[in-house]
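Engineer: Fold the following for me, if possible:
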Amino acid sequence: MPGLQALLFLATAASLYAAAWLWLRMLVDAIRGRQAVGGGVLLVGAAVAAMLATSMPGAAEARCIAAAAAAAAAAGGYFAGFWRRATDRERVGKRAEDARQITLHLALATGCIFFALPYAWMVLTSLKADDRIFTDPTGLPNPIMWGNYPKTFRFLEVVLGRISTGFGSLFVMNTLEVTALSMAAMLFSSTLVAFSFARLRWPGRNILFSVLLGTMMLPGAVTMIPRFLIFRQLGWIDTLVPLWAPSLFANAFDVFLMRQFLMTIPNELEDAAKIDGCGFFTIYWRVMMPLVKPAIAAIAIMHFLGTWNDFMGPLIYLSSPDKMTGSYALRLFQSGNSGEWALLLAASTLWTLPVVLLFFFAQKAFIEGIALTGMKN
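Structural biologist: Okay, the predicted model is just below:
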C-alpha cells in the first residue's frame with residue numbers, strides 16, 4: 001500500500017538521521033576530549049554500519065535500519081564507556097553548541113543532496129547506454145559509456161552539414177561573445193545609474209526610481225514584440241547585437257541591488273574625494289566601484305547565468321546556423337538526436353559545467369553581494 005510504504009520510508013529516514021546525529025555528537029566529543037579508544041569504537045561502528053548497508057541481504061529499508069542500529073550501538077557504547085559528565089559551565093555550553101551545529105549541518109546536507117540530485121542524475125545518465133536509461137533510470141551506469149561525450153562533439157560537427165562548427169566550439173564562441181559584451185554593458189550601465197540614484201541629488205530622483213522599480217512588474221512577453229520591431233527597423237535581426245545591446249540600458253533589479261549597497265558607504269569618503277578635486281565620474285570610478293566589488297560580483301554572476309542559458313533571445317532573433325548560441329544548439333541537438341537521450345544529457349552536462357565551476361569558485365563573493373555587507377559608518 002502506498003501509505004504503508006510512505007510510513008516505512010519516513011521511519012527509515014528518521015532512524016538514519018537519529019543515528020547519524022547521535023554518532024556525530026559522540027565523535028565530536030571524542031575528538032575534543034582526545035578519546036582515542038572511544039573514537040576507534042565509533043569508527044568501527046561506522047564501518048560495520050557501512051557493511052550492513054551494502055552487503056546485507058534484504059530490502060533497502062531493512063539494510064538502512066540495520067546500519068542505523070549499528071551506528072547507534074557504537075554511539076551507545078561510547079556513551080556508556082567513555083562519556084564524561086560535564087561539570088563546568090564551559091563544557092556544558094560546548095556540548096549544547098555541538099548539538100545545535102550538528103542538527104543544522106544535517107539539515108543543510110539534506111538540502112544539498114536534494115538540490116544536487118537532478119545534476120547527479122543527469123551526469124550518471126549521460127554515461128549509460130540508451131537501452132538502460134528507461135529500464136533502470138535510478139541505477140548506476142554499467143558499463144560506463146565514456147564514448148557518449150566524444151559522440152556529442154562529432155554530432156555537432158556534422159549536424160549542420162554546410163558549415164564547420166569546430167566540434168561545437170563555434171556555438172561556445174558565439175555564447176562567450178554575447179555573454180562578455182552583455183556583462184560589460186550591464187555592469188557599466190547599472191552601476192552608473194545606481195550611483196546616480198544613491199549618491200547624487202537631483203529633482204525627481206525618487207519618483208524616477210519608483211518608476212524604474214515598477215518596470216520589474218512587467219512580464220517579458222509584454223515587451224517582446226516592441227523590442228523585435230525596434231531591432232528589425234535597426235537592421236539587427238539575425239545578428240548577435242539584439243542579444244547584448246539591451247544590457248546598455250540598466251536592469252531594474254541590478255540598479256536596486258547596487259543602489260542599496262552604495263547607500264551604505266559613508267559620505268565622508270565622498271566628501272574627502274571632493275576636497276581633493278575629484279568630479280562625480282572620478283568618485284564613481286575610483287572611490288565607489290572598488291568598495292562595491294561584492295555587489296558587482298553578485299549581479300555579474302546572476303547576469304552570466306541568464307545570458308549563458310538564454311534560449312528565447314536566440315530563438316527570436318537568430319536564423320543563421322553560424323550565429324547560434326549554445327542553448328539554441330542544444331535544441332538543435334535534441335531535434336537531430338531525439339532518440340539518443342544519453343548524448344543529449346552528455347551535451348547538457350558539458351554546457352552546465354562552466355556554470356557549476358563559476359558557482360564553486362565565486363560563491364563567497366556571491367553571498368557577500370547578496371547580503372549587502374558594505375561599509376558602515
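Engineer: buried stuff in stretch 248-262?
Structural biologist: Of the residues in stretch 248-262, 250-259, 261-262 count as buried by neighbour count, 16 or more other CB atoms under 10 Å. Every residue, glycine included, has its C-beta placed from N, CA and C.
Engineer: An error on my part: the question was meant for stretch 13-23.
Structural biologist: Within stretch 13-23, the residues scored as buried using 16+ other CB under 10 Å are 15-16, 19-23.
Engineer: Any stretches of this protein with poor pLDDT?
Structural biologist: Confidence mapping of the chain against pLDDT under 70 gives the ranges 1-3, 56, 58, 86-88, 156-164, 336-339, 363-377.
Engineer: next SSE after the longest helix seen in the chain?
Structural biologist: Of all the segments of type helix in the chain, defined by DSSP state H, the longest one is helix 89-125. Proceeding N to C from helix 89-125, the next assigned helix or strand is helix 130-133, under DSSP states H and E.
Engineer: got the CA coordinates for that next one in PDB?
Structural biologist: What follows is helix 130-133 as a C-alpha-only set of coordinates in PDB (Å, rounded to 0.1, in the frame of the first residue of the first chain):
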ATOM      1  CA  ASP A 130      20.300   4.300 -24.300                       C
ATOM      2  CA  ASP A 131      18.600   1.000 -23.600                       C
ATOM      3  CA  ARG A 132      19.300   1.300 -19.800                       C
ATOM      4  CA  ILE A 133      18.000   4.800 -19.300                       C
END
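Engineer: Secondary structure element for Ala74, which one?
Structural biologist: Secondary structure from DSSP H and E places Ala74 in helix 60-81.
Engineer: That helix packs against which elements?
Structural biologist: helix 2-32, helix 36-55 (3 or more CB pairs under 8 Å, 6 or more residues apart in numbering; DSSP states H and E).
Engineer: just to revisit the earlier point, could you export the buried residues of stretch 13-23 as JSON lines, including distance to Leu315?
Structural biologist: Shown next, in JSON lines, are the buried residues of stretch 13-23 (distance: CB to CB, whole Å):
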{"residue": "Ser15", "distance to Leu315": "50"}
{"residue": "Leu16", "distance to Leu315": "45"}
{"residue": "Ala19", "distance to Leu315": "51"}
{"residue": "Ala20", "distance to Leu315": "47"}
{"residue": "Trp21", "distance to Leu315": "49"}
{"residue": "Leu22", "distance to Leu315": "54"}
{"residue": "Trp23", "distance to Leu315": "52"}
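Engineer: which one among the residues you listed gets closest to Arg154?
Structural biologist: Leu16 (44.3 Å; CB to CB).
Engineer: Surely that closest one is in contact with Cys64?
Structural biologist: Yes. The pair Leu16 and Cys64 qualifies as a contact (CB atoms under 8 Å) at a distance of 5.9 Å.
Engineer: packing partners for the helix or strand harbouring Ser335?
Structural biologist: Assigned by DSSP H and E, Ser335 falls within helix 326-336. Counting contacts by 3+ CB pairs under 8 Å, 6+ apart, helix 326-336 is packed against helix 148-158, helix 169-199, helix 312-317, helix 341-371.
Engineer: Ok, which of those helices comes nearest Thr223?
Structural biologist: Distance to Thr223, taken as CB to CB, is lowest for helix 312-317 among the helices and strands packed on helix 326-336, at 11.9 Å.
Engineer: Mind listing residues that contact that closest one?
Structural biologist: With CB atoms under 8 Å, 6 or more residues apart in numbering as the contact definition, helix 312-317 has outside contacts at 220, 224, 228, 231, 236-239, 242-243, 324-325, 327-328, 331.
Engineer: Tell me how far Phe361 lies from Pro354.
Structural biologist: When CB to CB, to the nearest Å is the yardstick, Phe361 and Pro354 sit 11 Å from each other.
Engineer: So these two - more neighbours on which side?
Structural biologist: Set side by side, Phe361 and Pro354 show unequal neighbour counts under other CB atoms under 10 Å, the larger going to Pro354 at 16 against 9.
Engineer: so the more buried one makes contact with Trp308?
Structural biologist: Yes. Under the contact definition of CB under 8 Å, Pro354 touches Trp308, with a separation of 7.2 Å.
Engineer: how far off helix 36-55 does the helix holding Ala74 point, in degrees?
Structural biologist: Here helix 60-81 runs at 170 degrees with respect to helix 36-55, directions being taken by axes from the mean of the first three to the mean of the last three CA atoms, to 10 degrees.
Engineer: Only the buried residues of helix 60-81, if you could.
Structural biologist: Under the neighbour-count criterion of 16+ other CB under 10 Å, helix 60-81 has 63-68, 70-75, 77-78 buried.
Engineer: out of the helices and strands packed on helix 326-336, deepest packed?
Structural biologist: helix 169-199 (a mean of 20; mean count of other CB atoms under 10 Å).
Engineer: about what we covered before: Val28: which of the helices and strands packed on helix 326-336 is closest?
Structural biologist: If we rank those by CB to CB, the stretch that ends up nearest is helix 341-371, at 25.7 Å.
Engineer: how much distance is there from that closest one to the middle of the chain?
Structural biologist: Here helix 341-371 is found 6 Å from its chain centre; the criterion is CA atoms, centre = their mean, to the nearest Å.
Engineer: wait, which of the contacts of helix 312-317 is closest to Gly168?
Structural biologist: The nearest member of those to Gly168, counting by CB to CB, is Met324 at 10.4 Å.
Engineer: I'd like to know how far the closest residue in space to Asn174 that isn't next to it in sequence sits from Gly77.
Structural biologist: Nearest in space to Asn174, with sequence neighbours left out and distances taken as CB to CB, 6 or more residues apart in numbering, is Thr325 at 5.1 Å. With distances taken as CB to CB, Thr325 is found 59 Å from Gly77.
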